[in-house]
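S.K.: need a 3D model of the following:
(2 chains)
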Amino acid sequence: MALTSTAGRATETSSVARPGRVSSPRRRRRFTLTPYLFLLPGVVIFVVAIIWPAVSAFQMSLYHWNVFNAQLSQWSGIDNYLTAFKDPHFWQSLANSAIYMVATVIPQMVIGLFIALLLKKKSPVQPLFRVLFYLPVVTSWVVVSLLFKFLFDDSGLINFTLHDFLHLMNSDVSWLADRWSALVVICLLGIWKGIGWSMMIYLAALQGVPESLEEAAEMDGANRWQRFRAVTIPAINPATVFISVMLVIGGLNVFTSVQLITGGGPVGQTDVVLTYMYTQAFNFSDFGYASTLAVILAVFVFILAMLQLRILRTRDGEELA
Amino acid sequence: MTALAPRASRRRRSAGWPAATTLRYAALIVGAIVMVTPFLYMLSTSFQSQAYVLTIPPQFIPNPATTGNYTAAIGTENFLLYFVNSLIVAVISTAGSVLLSSMMAYSFARFAFRGKEAIFRLLLAGLTIPAVMLLIPQFILARNLHLLDSLGGLIFFYIAGSLSLNTFLMRGFFASIPGELDQAMQVDGANSWTRYWRLAIPLAKPAIAVATIFTFLNSWDEYPIALTMINNSDNATLPLAIANFQGQHATQWGLVFAASLIAVIPVLIVFLVFQRYFVQGLTSGAVKG
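M.R.: Have a look, this model is predicted:
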């Protein structure tokens, strides 16, 4: 419901307001202009800075783009897309983005919901915990990326804890020197930074669950888990849809943490689509190919968002029926 | 509410109270430790002189403690300039975005007009467009508009990037304000701007608080756009400066973290000031829709 709910809900308000008064043609004309005036400045900026660039990214992907003189760019049709299709490095970066997305979205949602449930009951320390869990969310990606790079340094705190202190490992691990362990670090950062955000949205959603429903279920003899499944989960479904869509989009868009922690290394093995795109665009000046990579990613994001909305909404509908 | 059910359930809950509460707090405390320890370690490192950073075993309580990193960070490399740049960009972006998106949200929530559905869907599509996908065309656009390498350019793109989510959050809240209030003011002859500015905005404080937190945070912390648009270091914002700083002084972690912690303070203040509205503002915006 949350993301696709129509804008039409409040339409009655303005039409209800009218019957009492005589509306001259002139008044009615002014009435129809007002909403557009409210929209105008925002929509103009939005179209110029978001929609137009989105369209031109697609357009650029069809050219061998000339960075210095756009007029000299050569039309190449789907050449760039064929190149991407045959580019193993692109596939690896796409796989890395997908791994990051899958590995971070679910833990963020599950742990976020779990903590929200623990914090649901009002208590004097609740705001303190809320702030502590939200701390990583307000901190810049740049800062937390550098912080994790420091923690997972060869002689950093993590190696010390796991090797010298807990003796869980026989030797120090060079976390950032290997594709998989580096991805683990980047994913851990993503989860750690994002839990507070989904916790906050879930906390808001849980306030909206009618207590009478829970009590009715309790009267019917439902235990805690049954009440959670039958009452709470459906009631917070709009929040779940919202969070999962936003996190999947955010997950595929991972950029800053990879750029700053590994820079895509070792030898490009931890490149995600957007760091690869960045390298193509701003190191090799191949704007056309870089745009192609961006467009392919955007298509993936869009398809996944639509799929989620469809799946999660039908489930909601069935439960209501 | 029935009188019987709550009493029955309260008694049953109170029987299992201590154990459940202990477990609950144990879980919360473990979670909070995981969240906070990296920050504490960062804090401790920022008070250590270079000789003690990354030694084994690591120092948790800096000894000897020094504020040298802070004075060095503030004193060198235009740090105050970057701080002010970030502040200018974040404040203007937030004010601009909250104003423009609340106007749009008001329009969607209170008026019936042709094309409303289409425009709303276009805005929502903005939520699914990956910001980084737009980097290249935005870079070209900024070059053509002479916005490259300027704070104005950053503000322009930060406002644009936050409009979708803010409008979406605030529209839900405006729609939940009873229409009768609006009609009463309309009967009194108030025009729609007055109704928006004097009625809807004051009533929508929680939603505005949420939009303010999100926008301030995003513009204060933003990195990719600043990275592509800003070349002259005089116009750098803090995230850019800190990243460059680490690049140049690869091993001076104390210095990097002192700068980082100073950079965290403003967002923390904004969050603490507005957070009491946070849950309320989200409830009617994002999750009810």
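S.K.: where does chain B dip in pLDDT?
M.R.: B:1-17, B:51-52, B:56-57, B:77, B:283-289 (pLDDT under 70).
S.K.: let me fix that: the stretch 101-250 of chain A
M.R.: In the stretch 101-250 of chain A (pLDDT under 70), no residue qualifies.
S.K.: for it, just list every one of the helices.
M.R.: A:126-138, A:141-151, A:157-159, A:179-207, A:211-219, A:224-227, A:233-235, A:237-252 (DSSP state H, counting those that start in this stretch).
S.K.: any idea how far A:Gln108 is from the residue nearest the centre of chain A?
M.R.: What sits nearest the mean C-alpha location of chain A, by Cα atoms, centre = their mean, is A:Gly250, with 2.5 Å. Per Cβ to Cβ, to the nearest Å, A:Gly250 is found 9 Å from A:Gln108. For glycine as for every other residue, the C-beta is placed from the backbone atoms N, C-alpha and C.
S.K.: next: B:Ala125.
M.R.: Counting by Cβ to Cβ, the gap from B:Ala125 to A:Gln108 is 24 Å.
S.K.: which residue of these two possesses the greater neighbour count?
M.R.: Between B:Ala125 and A:Gln108, counted using other Cβ atoms under 10 Å in any protein chain shown, the more crowded position is A:Gln108 (25 against 15).
S.K.: got the end-to-end distance for stretch B:124-139?
M.R.: End-to-end span of stretch B:124-139 (Cα to Cα, to the nearest Å): 23 Å.
S.K.: tell me the first helix or strand C-terminal of the lengthiest helix in chain B.
M.R.: Counting residues, the longest helix found in chain B (DSSP state H) is helix B:79-110. Next helix or strand after helix B:79-110 toward the C-terminus (DSSP states H and E): helix B:116-128.
S.K.: so which elements touch whichever helix or strand comes after that following helix?
M.R.: Remark: after helix B:116-128, the chain's next helix or strand is helix B:135-144, criterion DSSP H and E. Here helix B:135-144 touches helix A:52-60, helix A:287-320, helix B:151-175, helix B:224-229, going by 3 or more Cβ pairs under 8 Å, 6 or more residues apart in numbering or on different chains; DSSP states H and E.
S.K.: of all the ones you listed, which one comes closest to B:Phe39?
M.R.: helix B:224-229 (23.4 Å; Cβ to Cβ).
S.K.: would you mind pulling up the elements that that closest one packs against?
M.R.: Where contact means 3+ Cβ pairs under 8 Å, 6+ apart, helix B:224-229 is packed against helix B:135-144, helix B:151-175, helix B:238-248.
S.K.: pick the most buried one from those helices.
M.R.: Burial of the helices and strands packed on helix B:224-229 is given as mean neighbour count (mean count of other Cβ atoms under 10 Å in any protein chain shown); helix B:151-175 ranks first at a mean of 25.
S.K.: right, and B:Ser102 touches B:Ala204 too?
M.R.: Yes: with contact defined as Cβ atoms under 8 Å, B:Ser102 reaches B:Ala204; the gap is 7.1 Å.
S.K.: which neighbours do these two share?
M.R.: B:Met170 (Cβ atoms under 8 Å, 6 or more residues apart in numbering or on different chains).
S.K.: show me what contacts the nearest residue to the residue nearest to the centre of chain A once chain neighbours are set aside?
M.R.: Spatial nearest neighbour of A:Gly250, excluding adjacent residues (Cβ to Cβ, 6 or more residues apart in numbering or on different chains): A:Gly194 at 7.7 Å. Residues in contact with A:Gly194 (Cβ under 8 Å, 6+ apart) are A:Thr104, A:Gln108, A:Gly112, A:Pro136, A:Val137, A:Leu247, A:Gly250.
S.K.: cool, B:Ile33 as well?
M.R.: Counting by Cβ under 8 Å, 6+ apart, B:Ile33 has no contacts.
S.K.: could you look up the SS state of it?
M.R.: Here B:Ile33 is recorded as helix under DSSP: H, G, I helix; E, B strand; the rest coil.
S.K.: distance of the residue nearest to B:Ala204 when sequence neighbours are not counted from chain A?
M.R.: Distance criterion Cβ to Cβ, 6+ apart; nearest residue to B:Ala204, sequence neighbours excluded, is B:Phe173 at 5.1 Å. From B:Phe173 over to chain A the distance is 11 Å, taken as Cβ to the nearest Cβ, to the nearest Å.
S.K.: ok, B:Leu123 next?
M.R.: 7 Å.
S.K.: tell me the contacts of that residue?
M.R.: A:Val43, A:Phe46, B:Met104, B:Leu163, B:Ser164, B:Thr167, B:Phe168.
S.K.: tell me how many other residues crowd the nearest residue to A:Ala281 once chain neighbours are set aside.
M.R.: Spatial nearest neighbour of A:Ala281, excluding adjacent residues (Cβ to Cβ, 6+ apart): A:Ala290 at 3.6 Å. The tally of other residues near A:Ala290 (other Cβ under 10 Å) stands at 28.
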